[in-house]
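Participant: How does the following fold in three dimensions:
(chains A and B)
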Number of protein chains: 2
Amino acid sequence: MRAPDPRPSREGGGLFADLYELTMMRAYAALGMEAEAVFSLFVRKLPPERNFLIACGLEEVLDEIEHFHFSPEDILYLRGLKRFPDDFLENLRRFRFSGDIFALPEGTPFFADEPILEVRAPIGQAQALETLILNRIGLQTMLASKAWRVVTAAGGRQVVDFGARRAQGADAAVRGARAFAVAGVEATSLLAAGARYNLPLAGTMAHSFVEAFSSEAEAFAAFAELFPRTVLLVDTYDTLQGVRNAIRVARQLGPDRRPMGVRLDSGDLLGLSRSARGLLDAAGLQDMKIVASGGLDETKIDALVKDGAPIDIFGIGTEMSVSGDAPSLDISYKLTEYGGAGRMKLSPGKMTLPGQKQVFRRGAGGTAIGDVIARADESLPGTPLLEPVMRGGRRIAPPADLSVLQAAAKKAIAALPAERRILAPAPTPFPVVASPRLAAEAEALRARLASGRGAASATPP
Amino acid sequence: MRAPDPRPSREGGGLFADLYELTMMRAYAALGMEAEAVFSLFVRKLPPERNFLIACGLEEVLDEIEHFHFSPEDILYLRGLKRFPDDFLENLRRFRFSGDIFALPEGTPFFADEPILEVRAPIGQAQALETLILNRIGLQTMLASKAWRVVTAAGGRQVVDFGARRAQGADAAVRGARAFAVAGVEATSLLAAGARYNLPLAGTMAHSFVEAFSSEAEAFAAFAELFPRTVLLVDTYDTLQGVRNAIRVARQLGPDRRPMGVRLDSGDLLGLSRSARGLLDAAGLQDMKIVASGGLDETKIDALVKDGAPIDIFGIGTEMSVSGDAPSLDISYKLTEYGGAGRMKLSPGKMTLPGQKQVFRRGAGGTAIGDVIARADESLPGTPLLEPVMRGGRRIAPPADLSVLQAAAKKAIAALPAERRILAPAPTPFPVVASPRLAAEAEALRARLASGRGAASATPP
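Facilitator: As a prediction, the model looks like this:
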């Protein structure tokens, strides 16, 4: 798989920001507030059916941050708003991100409240990236986390992505295919995703093709003749008659060119897959595979697999592409430090941990047993998860190959305790605690802010 | 509001198609199957909480269809797949859509099984657009339909879109803002959407801004000084203290420049809005408004409005941006005619209606009382809903202004019966029936296909 195309999509330019980000930048500029800030990206609460989330989308957002700028057309638009003075807009023309970024490598499993990415930069710059970072990392993290469940339910059977038509936009379809690949999905039906990420492609035929012929048998014969080793869609009129028609074509074409399988797309997939398998086997076509699709999600796949349905490949669309049971993440990008001092908000249920941080994952016998969120300069037992990925606005390493990310995700997830690596919710949350120093600093700052004394000297620089 | 930018996004080119679309095109080309087909776009089943859906996204997808082509890079990629012969790829270079399209105008409410768009074109061309049309119309229709519920719950109070950060991708954020506008949302926070569609912008300040100062009062004073008539975010530390700080700033700045309101983003929005209103009124600031945000959806807004919460503006993010309760539509694009003969599939629960069609909406006293799905050449009582929008691959009329679409949607929805125009599910489905002729043709074709006689001469050309 090749590296992603580094050009940001046209939606991803400097205007992929909320108005308030520019308003605040303007205020910081006017007030001469150019000190460094730290912003931290984290998920406040996991969706009910997730034992962990998988960090995803980093490589792409780093490319977009490197190229983040305001084009002459962007400046013209902003000028037309009559909200910003000319000198501010002139400076925006030269805007380039010059800060540092630390992040979990893609594929790393993580839990609620853990920083997955931190930005250290002059406050206006760090603020400018808020919407971009939330949108980009949020989408791929959500989709990779969902796809892992689908792949896990399939228990070693192939999973292919058929979801482009139902994804929430073209961007979600293309980037979704990437996130699915990181989580172990083997192929995509979407050409744009295959081209952009060099992913394996999958696809068979539509009902429309069968319907366009005067009979299903005729459609199958024509298609199989043109495309050796294809998959025939058998449920347009009568599924088992469709299997019989596929068998006839397979016999005519012989072992080298005959279809590699049949696809079931409706009805009782358990019963039909058994009957189809029976017909294929009785015809001596044991090597022909059964592909199933049509409204599948991890729960339905899990039931089919547990019932022993003889399905070899699952084609998954809608539910994986929109993360149907959890179509958003409670993901936030919050200021945690400014001018060397910790910052936090006290809004009910929305407290944040101050300062730049690190997450240490402790293990025993190769299994992760708990995480400690600490200040970035602490040295604690365990593996530090956040790594420097951008320095002075330039990425530190070239983008990793997607196959490397897929292998890394597999390995990191395998190190989680067994009760986390299943579909059912684990009985207790994975242990995540703040280090004593971080906890003490957070409490001191909270008390200081609650008493109205302000943040400025609450934590040592 | 200006017309959308006609350039397709880079994800929207010829490769925004599933592999099987090209495979089938190749087969049709090889077999000389170039007769006209009709494909019909419809939603099989409405989500449980929707009494109707709002057609949306048409103008944009027409632009993309007009520009749909395969670039030299696309052809190079396809060649590398080694699945397609050179002559087919050479012809793809010249691919342009040359067919006709009929569709519901944007903003039209519709129901299950009703065609919302039909394509008549040589079968390979019509097939090529499947993924593009489903993705584009599906997204905006889903989001406009959700946004209408939010706007309705707000009962005349302003609704503004704060959702870009949580939308499923940049494309969903930008196009979502458009769909929201069609459904009556008044402004967006996303600059890229404001620029593309000339939408009003909305935005206040983030908690980070307040936290970057040594006190909230100082942050408010600085921001309000720079931005007359702004909105101050008051819940960073202690909401009512925040309101008092905002009042102090308002008094200092005087009526012309003082903040136009305060924003509450957490906690008990009913109680806090009442207390905040009380404090503002007691300070003689009756004209300062209250903006509420933070995890809102139509159900929460409805409860707040019914409880009389003194909230003037609702800022809505996640739940509207991903259509949280129904993040996908059961939308399909199906062959209904080829070579002049009706086509359908018989898959369980997935039967389709043959031929090119029209929908007649019957009314009584200005209220819609039922729809009839008919063949396109029937003349029945009621208003025909599908209009020609593209002929010979060129759109018939220039894109309508978004404000026109917004007004059209409002008017068309107002003509629905009152029990459909509320949040609660209506007791019975809206009456939608097939015309006697369509029903007879569908049954004749079904019987013919079920008996294995094939579609070819089932319906008259």
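Participant: C-alpha only now, for contacts and for neighbours.
Facilitator: OK.
Participant: Might you list the low-confidence residue ranges for chain A?
Facilitator: Applying pLDDT under 70 to chain A flags the ranges A:1-12, A:455-461.
Participant: pretty sure residue A:47 is in a helix, no?
Facilitator: No: secondary structure assignment (DSSP: H, G, I helix; E, B strand; the rest coil) places residue A:47 in coil, not in a helix.
Participant: what sits against it?
Facilitator: By C-alpha atoms under 8 Å, 6 or more residues apart in numbering or on different chains, the contact set of residue A:47 is A:326, A:329.
Participant: Just give the closest residue to residue A:322, not the sequence neighbours.
Facilitator: Nearest-residue entry for residue A:322: residue A:167, 5.8 Å, with adjacent residues in sequence omitted and distances by C-alpha to C-alpha, 6 or more residues apart in numbering or on different chains.
Participant: Identify the residues contacting that neighbour.
Facilitator: Contacts of residue A:167 (C-alpha under 8 Å, 6+ apart): A:173, A:318, A:321-322, B:135, B:139, B:328.
Participant: just residue A:171 next, same as before
Facilitator: B:11, B:169-172.
Participant: before we move on, the earlier item: would you format the contacts of residue A:167 as JSON lines with neighbour count included?
Facilitator: Converted to JSON lines, the contacts of residue A:167 look like this (neighbours: other C-alpha atoms under 10 Å in any protein chain shown):
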{"residue": "A:173", "neighbour count": "30"}
{"residue": "A:318", "neighbour count": "24"}
{"residue": "A:321", "neighbour count": "30"}
{"residue": "A:322", "neighbour count": "27"}
{"residue": "B:135", "neighbour count": "23"}
{"residue": "B:139", "neighbour count": "29"}
{"residue": "B:328", "neighbour count": "24"}
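Participant: from those residues, which single one is nearest residue B:290?
Facilitator: Distance to residue B:290, by C-alpha to C-alpha, is smallest for residue B:139 among those, at 31.4 Å.
Participant: isn't that closest one right next to residue A:172, touching?
Facilitator: No: counting by C-alpha atoms under 8 Å, residue B:139 does not reach residue A:172; the two are 10.7 Å apart.
Participant: joint contacts of those two?
Facilitator: Contact criterion C-alpha under 8 Å, 6+ apart; residues shared by residue B:139 and residue A:172: residue B:172.
Participant: would you say the residue nearest to residue A:322 is within a strand?
Facilitator: No: per three-state DSSP, residue A:167 lies outside any strand segment and is coil.
Participant: For residue A:196, see how far away it is.
Facilitator: To residue A:196, residue A:167 is 17 Å away according to C-alpha to C-alpha, to the nearest Å.
Participant: same check, this time on residue A:268
Facilitator: Distance from residue A:268 to residue A:196, by C-alpha to C-alpha: 36 Å.
Participant: Looking at the two now, which is surrounded by more residues?
Facilitator: Remark: of residue A:268 and residue A:196, residue A:196 carries more neighbours, 19 against 10, as counted by other C-alpha atoms under 10 Å in any protein chain shown.
Participant: who in the stretch 51-200 of chain A is up against chain B?
Facilitator: With C-alpha under 8 Å from any C-alpha of the partner chain as the criterion, the stretch 51-200 of chain A meets chain B at residues A:77, A:130-132, A:134-136, A:138-139, A:164-172, A:174, A:189-192, A:195.
Participant: Let me see the ranges of the strands in the stretch 351-461 of chain A.
Facilitator: Ranges of strands in the stretch 351-461 of chain A, per DSSP state E, counting those that start in this stretch, are A:357-364, A:367-375, A:383-384, A:387-391, A:394-395, A:432-434.
Participant: so which of the ones you listed gets nearest chain B?
Facilitator: Chain B sits nearest to strand A:357-364 of all the strands of the stretch 351-461 of chain A, at 17.3 Å, using C-alpha to the nearest C-alpha.
Participant: List the buried residues in that closest one.
Facilitator: Residues of strand A:357-364 classed as buried by neighbour count (16 or more other C-alpha atoms under 10 Å in any protein chain shown): A:357-363.
Participant: Could you name the helices and strands sitting against the host helix or strand of residue A:91?
Facilitator: In this assignment (DSSP states H and E), residue A:91 forms part of helix A:86-93. Contact here means 3 or more C-alpha pairs under 8 Å, 6 or more residues apart in numbering or on different chains; DSSP states H and E; on that basis helix A:86-93 packs against helix A:72-80.
Participant: Just the buried positions in the helix it packs on, please.
Facilitator: A:74-75, A:77-78.
Participant: Endpoints of stretch A:158-177, how far apart?
Facilitator: 15 Å.
Participant: Sorry, wrong one. I was asking about stretch A:193-208.
Facilitator: OK, stretch A:193-208 end separation, C-alpha to C-alpha: 24 Å.
Participant: now do stretch A:254-271
Facilitator: End to end - C-alpha to C-alpha - stretch A:254-271 spans 28 Å.
Participant: if we can go back for a sec, any chance of the strands of the stretch 351-461 of chain A in TSV, with distance to chain B too?
Facilitator: Below are these laid out as TSV (distance: least, C-alpha to the nearest C-alpha, whole Å):
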stretch	distance to chain B
strand A:357-364	17
strand A:367-375	19
strand A:383-384	27
strand A:387-391	22
strand A:394-395	22
strand A:432-434	22
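Participant: Can you name the residues that contact residue A:142?
Facilitator: Residue A:142 neighbours (C-alpha under 8 Å, 6+ apart): A:53-54, A:323, A:327-329.
Participant: Those residues in strands, which ones?
Facilitator: Among the contacts of residue A:142, the residues falling in strands (DSSP state E) are A:53-54.
Participant: Most widely separated two among the contacts of residue A:142?
Facilitator: A:54 and A:327 (15.0 Å).
Participant: Could I get the buried residue list for stretch A:437-447?
Facilitator: So stretch A:437-447, judged by 16+ other C-alpha under 10 Å, has buried residues A:438-439, A:441-442, A:445-446.
Participant: For these, please prepare a markdown table with the additional fields distance to residue A:402.
Facilitator: Shown next, in a markdown table, are the buried residues of stretch A:437-447 (distance: C-alpha to C-alpha, whole Å):
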| residue | distance to residue A:402 |
| --- | --- |
| A:438 | 35 |
| A:439 | 37 |
| A:441 | 39 |
| A:442 | 38 |
| A:445 | 42 |
| A:446 | 42 |
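Participant: Relative to chain B, which of those residues is nearest.
Facilitator: residue A:446 (9.4 Å).
Participant: wait, the closest one sits on residue A:342?
Facilitator: No: judged on C-alpha under 8 Å, residue A:446 makes no contact with residue A:342 at a distance of 10.2 Å.
Participant: Which stretches in the stretch 351-461 of chain A count as helices?
Facilitator: A:402-414, A:436-450 (DSSP state H, counting those that start in this stretch).
Participant: and the last one, anywhere near chain B?
Facilitator: Yes: residues of helix A:436-450 contacting chain B under C-alpha under 8 Å from any C-alpha: A:449-450.
Participant: Name the residues that touch that helix?
Facilitator: So helix A:436-450 is contacted by A:342-344, A:346, A:353-354, A:373-375, A:454-455, A:458-459, B:237-238 (C-alpha under 8 Å, 6+ apart).
Participant: Understood, closing this out.
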